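Asker: structural data only, the sequence is not supplied:
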Ligand SMILES: Cc1cc2nc3c(=O)[nH]c(=O)nc-3n(C[C@H](O)[C@H](O)[C@H](O)COP(=O)(O)O)c2cc1C
Ligand SMILES: Cc1cc2nc3c(=O)[nH]c(=O)nc-3n(C[C@H](O)[C@H](O)[C@H](O)COP(=O)(O)O)c2cc1C
Ligand SMILES: Cc1cc2nc3c(=O)[nH]c(=O)nc-3n(C[C@H](O)[C@H](O)[C@H](O)COP(=O)(O)O)c2cc1C
Ligand SMILES: Cc1cc2nc3c(=O)[nH]c(=O)nc-3n(C[C@H](O)[C@H](O)[C@H](O)CO)c2cc1C
Ligand code: SF4
Ligand code: SF4
Ligand code: SF4
Ligand code: SF4
Ligand code: FES
């Protein structure tokens, strides 16, 4: 099958360095901090009290939405503190639970749920992508819209991240089981697996595990094709607009990633994440990390000493979120860890655009980034919106290539924020 | 807005414009002579002085007006010929012609020896060419000198158009204006020569 | 003489025609325009700053003339101008006290901690969006000068310590700065106000102490000492009621971080009398 | 009164100097500023028209109905312009040739109508005369400044007299239309700079 | 401070390393073959003009940056590159003061009055070139006889075409010489060797420093237009190949029309821009007083750049509607 | 390419179901430095007849809403079409030359073509916009009470 | 035909009414911040200049020259142009109210614009025939409209992403840009 044509974007030179490095288990930390909002479900309702004893996998935060994802205790131990306003890595103030490990791994007994959708909901599975929607809600929506095509994504979102490809290689069976579970919920006519064309071993593993039931679509590395809308376009050749309220399920397709499929396949509550750790010099390790583990522990395990004046990112180097400190715990939203030394930090300035057009050439949404960001800079927000501001997916390709290093993505975010605030104000 | 106001407006405007026109007509009457004199003095005289040599009369007063054609609306177009005489015989005949230049029409004064049917001299009278470029047709004496002492039947076009005149480099358009003016002038001369009674 | 007559008759006729057309046009498009609108908008400052809520000075002028806005609706015009407008229109105007902006934060680089180093657009609103701003205090001034750029009247500048400074002589009290600041640090106070707490933090004292040496602890020492009961504590922040405060200064001494201070309206300074 | 007369006169030289302050009457300032000589001629023509129209407008200010006032003003101005045209033809013929179409175009110069509308129709004759004289001379001054720069740098002369050394090759660009635009633009920039400086000093 | 202060910023957190300096350096390198070719033909004067142009450009840039109170950024090499391109448009015999004046005009009117690099609507090099050509036609528009007697002037191929027609062009200027450059051919410094220009241009295209679309459009527009007239009347009109190889076609196509700031940013815009430039070049060569039209053409057509840029691609997914209304 | 336009104005007169509303020609006039001098005989406002469905009274400020043809299209029809008619007429006139005086013929034919073009525009406008009420201005909101 | 073609090219570009003949700078400086209003204004000027040019020519030939009062040209022309614009406005409002409403501001901007008056005078000065008057006025006005349009485009681009120094913003930079546009037209020298 032929992939849809993609315009723009960037082909990075060493995309999958970490494919050959197996997942290591990070030793269970003695204390974890679990934020009670880790996905689009909203803030979960607290289900434990201070000094409660919890088992690993026990629900400590219940989703406010019927099909939302609940939050489970990643380790067994004692609740030592309930934090009312914990500032998470987005800057949001959310409640959090601190659990001190009892040293033993005491798993919680989970009654096997017969309804597969309820099982997904119970396990707190989310889509481990940029948006972290709860998977059950997505499945519910997909079922109501009679979705017949499933796209399973094993492409890693950004350069230097390799956890999805590696996961496909290591846990192809679990992923296959996950897909089977989805087949029970949805009437799937077609399943497509998108995978990096360079990940030959992973493709081989997938071919073995799926035994022909799944169409495998190898794609040459090209950032940001893993963004949901672009990926649907590559897989199905349909362009769904970003920001117009059109959803992927509207065209009868559902996009999930391999990590979510593996979680469904394992049938266990989600209490861990598979992440890649990298520094400015390249890939370091692939890790399996308990949710709530502070970044400090991750870095210590990888023998990385962060430099003052450097950057610690949750996620990849293109769209990752910079952390203000090392105490931030890993959450379901954590895609990876990327550490930059002081000298590697890119300095973006409010320079004057020289109209070289590189940003226009590279923008996968075919926007005019320099204009949008220029309007934003000058406070001409209406004109920014006129130039399709809201179609920008903030992938950062424009800024990456800009020779004068205008912080276009930030200007775009700024304009969006101001406009949304105005809209709310009205 | 009443009818009264409307009438008032019309009346005021009519009066004001009439008064203005009357005043202007008076000024015009008072200055007419002076304007005619100035026009000839400043436009014609320097050029005449430049191109006419060897005469003992006042060519400005010895001038003839001859109908040389019709304009688009069928009215007569007149050309003024200045006569330079020596001892009563007409030595030269000077008149103006114009051609298209870069910044507008270029006017030249042409002096022709009616006996020899030969162009004696040419001088630029009016022009609005670019200073330093097109104005070389005035400032560079070598250029108009090319026209002198050539029979009226000569080809006064620029060399590029097959004629004998070397254009000023960088000012081809202005040069062409002069050469077109002279070409038209000698044509006109040949057409009306008989009417001049010489 | 004949030519003079020709001129007069011709041009007179053209003038008459023009007059007719003009008259007919005027008749078709006739309307009464209140001349006072122009006069009022001549008096107004003409900055079109929008502080009054109308689209521009002319719009406001029309509203004032039609009685839809008070004569002193322009925030930027001085009292005298308002009086002048009122006098012209023959209406009265209740004089409102002039207000000026003051900066309610003193956490400069030496006094307040920063969580991290912010790199990006030099605009406080943008910085606020990035992990909630770099200042450790959630309420403190971010110091990127967005308010300064928003001031239409050039009444603000960034001080040497990285905090904005209001020139109260130029400040018209239009409130643009207060509106644009993501942390609402500039606040309008009446010119007669004697004392104020130059801090905006609603955090509890302990948390404030951790991040800033000049933050309001909300311990209420000032409230206790104030003879006029002019100070109240609202969510861990002391607030001075300008109507009650006499400026006696008793509270100044009691305040541990010394953030309750006299308001000094001199040029280029809100600086303490301490 | 005398102070007001002086004031109305002097404001035309810096505070309200046209066309440098207001973007009005740009065209003649560009067109006739190749040489200082023609700039002066044009300037004086405008001075005459302005004074005449200001005085006449002021004289009839209480008689003319409001609706036709601008038509009347225009007639008056046009009359002044034609007088200039005729007189110039009669007595300053070479200048008339240089200025050409720009003499009749004074009639549409916004400065002239602008002063009639904004000043003369509200003020007595003496003040209007003073205003017209000041504004007109200010306009002349603007033209002279622009034309001096163009003439000196463009051809090395001022009012026809050689100023720069013989060897100065001239910069013909400045004598051409684009040069006029550029010089005008740069002068406006410099004026802004000076005003900003003055403002700063005052503050 | 308890923690090391990490940097927090919005992504992307890595950068391609593109920079103005890098782009300008590429441009300078790309012109080196042309400079070398001119050196072989015109001798040391080539280097004199190039050095004066680059030096004075950098000097004026620094002075004007000071004057306009901008931070000093001569290190971005933009002035140096601009100076070198200007030198390409001048004859090797041009006096030093003309070059110095030209770079002043270039940096003042083509850069600093508009706010510095990237803000100018017209290419400074072209502004300077046209201003100089109009002011000193003899010094800038006349070309020396290569190597032998540089005091004499000689017709460039296009001037020869303009003056004498197309009849003997092939004999006077063998295409091979036009392409490789030789002492038979005079012109500006940058017009000597088309091979050198092509090498430089392809270098820029392959290194992705300029878009291939503009030169392609330019050259095809020029060749197409020339071909029409040549096919109608090969006696009077020169062949498209001659027009491609003579004068500044390649210089204009690869080094002037591709100026980032004054050319369009969208692909369609670039294609049209190039095409119109090419056609305009031919129109000027055929009908105006100037023998060469490439430089004027680029200058003029950059007025249209804002309009070409309105021809932008459809936004991703715009089949479903307009993105201008937010519907979150 | 038509668009909905909203303008603000003041009622100067009412008669039955329609009201004469005076409105600023455009906000752009406010920003212009010429301050009305552009139009010595004109004015920077215009009066339109609007459907007075809300029963507003003279002196009230109102919002009026109407659909207009796009500016570009309108200026093309009203400005460019007559000019081309003039050109075409003059060309034809001077080519056929019925009066044996090219200027006179051109003038006569040109002027008659302009008149015809205006008649055609009138027909077109009536056909295109006349029946559709949405092109007719209507008062959509009363913003303020009468003056004083 | 060739003559008219050359006249058109010359009037539109080579002797562009704004950039080379220096007429009508005020609107170029004032109106050109948006591309739509430049288009509307341009169309209005094309209309008014053509109408005024031809009307003035007719007046000149049938009244002024016949009565030998050419010296009153300035006075008569300005009155005629003003009345004409007024008249046309009434006419347009009657002919097509919806279209007229869409245009709003553009017509009255014209009367004191020296370009309209200048073209009318130039026609007489350069002794054009009626056809030439028509073509010259039209072409000059189109040249004006083009400058307006190009300037609007360039300014839109400059405003969006440029950083013109404060001191030069607005009129000064527009003038300089106009100069540059005129400079580029030097490429067409010699075409007529
Ligand atoms: C006729 C033709 C010529 C092409 N030439 C080039 C080329 O010169 N350079 C290039 O990068 N791609 C060239 N391509 C390939 C396309 O640009 C293609 O989109 C690109 O290789 C990316 O392909 P992808 O879909 O695998 O990402 C050419 C394609 C065709 C059909
Ligand atoms: C010299 C050359 C010329 C080309 N010309 C065109 C062209 O004119 N139009 C076109 O669509 N593709 C053209 N291509 C092909 C493109 O490179 C490519 O196939 C197409 O743009 C799709 O590329 P994409 O997949 O990167 O979008 C050309 C390629 C080369 C090498
Ligand atoms: C000499 C040359 C000619 C090209 N011609 C075209 C072309 O005509 N059309 C086109 O779309 N791409 C063409 N390309 C390729 C594009 O520049 C570019 O590679 C392609 O549009 C997108 O490629 P990418 O998606 O792989 O980056 C050409 C490349 C080269 C080097
Ligand atoms: C707007 C946006 C949406 C994205 N959506 C997805 C997505 O749906 N799936 C994915 O694998 N990566 C996506 N990414 C990639 C993202 O950068 C990041 O790599 C993922 O969060 C890590 O899996 C997206 C990136 C952006 C900027
Ligand atoms: S961040 Fe937005 S504008 Fe920039 S390339 Fe990505 S989608 Fe385009
Ligand atoms: S890449 Fe940067 S410099 Fe180039 S056009 Fe885009 S914003 Fe401007
Ligand atoms: S007061 Fe507000 S806007 Fe001003 S610098 Fe401080 S944070 Fe920024
Ligand atoms: S300081 Fe604030 S309130 Fe005072 S004038 Fe400036 S913006 Fe307005
Ligand atoms: S338009 Fe020429 S002076 Fe205003």
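Answerer: Cool, the structure landed. None of these values were measured; they are calculated from a predicted model. Numbers count the residues shown, from 1 in each chain, chains lettered A, B, ... in the order given. Ligands and ions are numbered 1, 2, ... in the order given.

Asker: can you give me the neighbour number for the closest residue to ligand 1 within chain E?
Answerer: Closest residue of chain E to ligand 1, C-beta to the nearest ligand atom: residue E:212 (8.1 Å). In short, each C-beta sits where N, CA and C put it, glycine included. Residue E:212 has 17 neighbouring residues, counting by other C-beta atoms under 10 Å in any protein chain shown.

Asker: ditto for residue B:68
Answerer: 18.

Asker: once you drop chain neighbours, what's closest to it?
Answerer: Excluding its sequence neighbours, the residue lying closest to residue B:68 (C-beta to C-beta, 6 or more residues apart in numbering or on different chains) is residue B:79, at 4.4 Å.

Asker: quick one, grab the pLDDT at that neighbour.
Answerer: You'll see residue B:79 listed with a pLDDT of 85.

Asker: determine the three-state secondary structure at it.
Answerer: When classified by DSSP: H, G, I helix; E, B strand; the rest coil, residue B:79 comes out as strand.

Asker: one step back: list the contacts for the residue of chain E closest to ligand 1?
Answerer: For residue E:212, the contact set (C-beta atoms under 8 Å, 6 or more residues apart in numbering or on different chains) comprises residue E:205.

Asker: any idea how far residue A:355 is from it?
Answerer: 18 Å (C-beta to C-beta, to the nearest Å).

Asker: ok, stretch C:171-190 near chain D or not?
Answerer: No - applying C-beta under 8 Å from any C-beta of the partner chain, one finds stretch C:171-190 separated from chain D by no less than 13.9 Å.

Asker: what about that stretch, start to end distance?
Answerer: 12 Å (C-alpha to C-alpha, to the nearest Å).

Asker: avg pLDDT for it?
Answerer: 90.

Asker: same check on stretch A:226-246?
Answerer: 88.

Asker: so that stretch, near ligand 4 or not?
Answerer: Yes - shown here: stretch A:226-246 in contact with ligand 4 (C-beta under 6 Å from any ligand atom) through A:226-228.

Asker: among those, who's most crowded?
Answerer: The member of those that has the most neighbours, counting by other C-beta under 10 Å, is residue A:226 with 26 neighbours.

Asker: assess the claim that that residue and residue A:156 are in contact.
Answerer: Yes - judged on C-beta atoms under 8 Å, residue A:226 makes contact with residue A:156 at a distance of 6.7 Å.

Asker: helices - which of the residues of stretch A:226-246 next to ligand 4 land there?
Answerer: Cross-referencing the residues of stretch A:226-246 next to ligand 4 against helices under DSSP state H gives residue A:228.

Asker: quick one, grab the pLDDT at the residue of chain E closest to ligand 1.
Answerer: Note on residue E:212: pLDDT of 95.

Asker: try residue F:59
Answerer: 69.

Asker: which strands and helices sit next to the helix or strand hosting residue D:82?
Answerer: If you go by DSSP states H and E, residue D:82 is part of helix D:69-91. Other helices and strands packing on helix D:69-91, by 3 or more C-beta pairs under 8 Å, 6 or more residues apart in numbering or on different chains; DSSP states H and E, are helix B:3-39, helix C:2-28, helix D:36-60, helix D:93-99, helix D:110-118, helix G:73-95.

Asker: can I get these in a markdown table including distance to ligand 9 and mean neighbour count?
Answerer: Converted to a markdown table, these look like this (distance: least, C-beta to the nearest ligand atom, whole Å; neighbours: other C-beta atoms under 10 Å in any protein chain shown):
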| stretch | distance to ligand 9 | mean neighbour count |
| --- | --- | --- |
| helix B:3-39 | 23 | 18 |
| helix C:2-28 | 22 | 20 |
| helix D:36-60 | 12 | 23 |
| helix D:93-99 | 15 | 19 |
| helix D:110-118 | 5 | 23 |
| helix G:73-95 | 14 | 22 |
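
Asker: possible to save these as JSON lines with mean pLDDT and distance to residue A:285?
Answerer: JSON lines is the format used below for these (pLDDT from 0 to 100; distance: least, C-beta to C-beta, whole Å):
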{"stretch": "helix B:3-39", "mean pLDDT": "87", "distance to residue A:285": "92"}
{"stretch": "helix C:2-28", "mean pLDDT": "84", "distance to residue A:285": "84"}
{"stretch": "helix D:36-60", "mean pLDDT": "93", "distance to residue A:285": "79"}
{"stretch": "helix D:93-99", "mean pLDDT": "86", "distance to residue A:285": "84"}
{"stretch": "helix D:110-118", "mean pLDDT": "81", "distance to residue A:285": "75"}
{"stretch": "helix G:73-95", "mean pLDDT": "83", "distance to residue A:285": "77"}
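
Asker: contact partners for the residue nearest to residue B:68?
Answerer: B:65-66, B:68, B:95-96, B:188, B:192.

Asker: please apply the same query to residue A:79.
Answerer: Applying C-beta under 8 Å, 6+ apart, the residues near residue A:79 are A:48-54, A:60, A:97-99.

Asker: which among these count as buried?
Answerer: Those of the contacts of residue A:79 that meet the buried threshold are A:48, A:52, A:54, A:60, A:97-99, by 16 or more other C-beta atoms under 10 Å in any protein chain shown.

Asker: just give me the neighbour total for whichever residue of chain F sits closest to chain B.
Answerer: At 6.1 Å from chain B, residue F:103 is the closest residue in chain F, using C-beta to the nearest C-beta. As a burial measure, residue F:103 scores 23 neighbours (other C-beta under 10 Å).

Asker: okay, it: pLDDT?
Answerer: 85.

Asker: what's the answer for the one 5 residues further on, then?
Answerer: Residue F:108 is assigned 91 on the pLDDT scale.

Asker: chain A versus that one, what's the distance?
Answerer: 49 Å (C-beta to the nearest C-beta, to the nearest Å).

Asker: so which strand or helix has that residue?
Answerer: helix F:102-125.

Asker: residue C:80 should be in a helix, yeah?
Answerer: Yes - Residue C:80: assigned to a helix according to three-state DSSP.

Asker: report the contact partners of the closest residue to residue D:132 other than its chain neighbours.
Answerer: Take residue D:132 and drop its neighbours on the chain: the residue closest to it by C-beta to C-beta, 6+ apart is residue D:54, 3.5 Å away. Each residue near residue D:54 by C-beta under 8 Å, 6+ apart is listed here: D:115-116, D:119-120, D:128-129, D:131-132.

Asker: flag every buried residue along stretch A:73-85.
Answerer: Neighbour counts over stretch A:73-85 (16+ other C-beta under 10 Å) mark A:73-77, A:79, A:82-83 as buried.

Asker: tell me the mean pLDDT for it?
Answerer: Averaged across stretch A:73-85, the pLDDT comes to 90.

Asker: quick one: the helices in chain G?
Answerer: Under DSSP H, chain G gives helices at G:2-9, G:25-31, G:35-59, G:73-95, G:97-103, G:114-125, G:130-161, G:171-184.

Asker: tabulate those (JSON lines), appending distance to residue A:87.
Answerer: Listed next are those as JSON lines, based on distance: least, C-beta to C-beta, whole Å:
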{"stretch": "helix G:2-9", "distance to residue A:87": "69"}
{"stretch": "helix G:25-31", "distance to residue A:87": "52"}
{"stretch": "helix G:35-59", "distance to residue A:87": "47"}
{"stretch": "helix G:73-95", "distance to residue A:87": "64"}
{"stretch": "helix G:97-103", "distance to residue A:87": "54"}
{"stretch": "helix G:114-125", "distance to residue A:87": "64"}
{"stretch": "helix G:130-161", "distance to residue A:87": "36"}
{"stretch": "helix G:171-184", "distance to residue A:87": "47"}
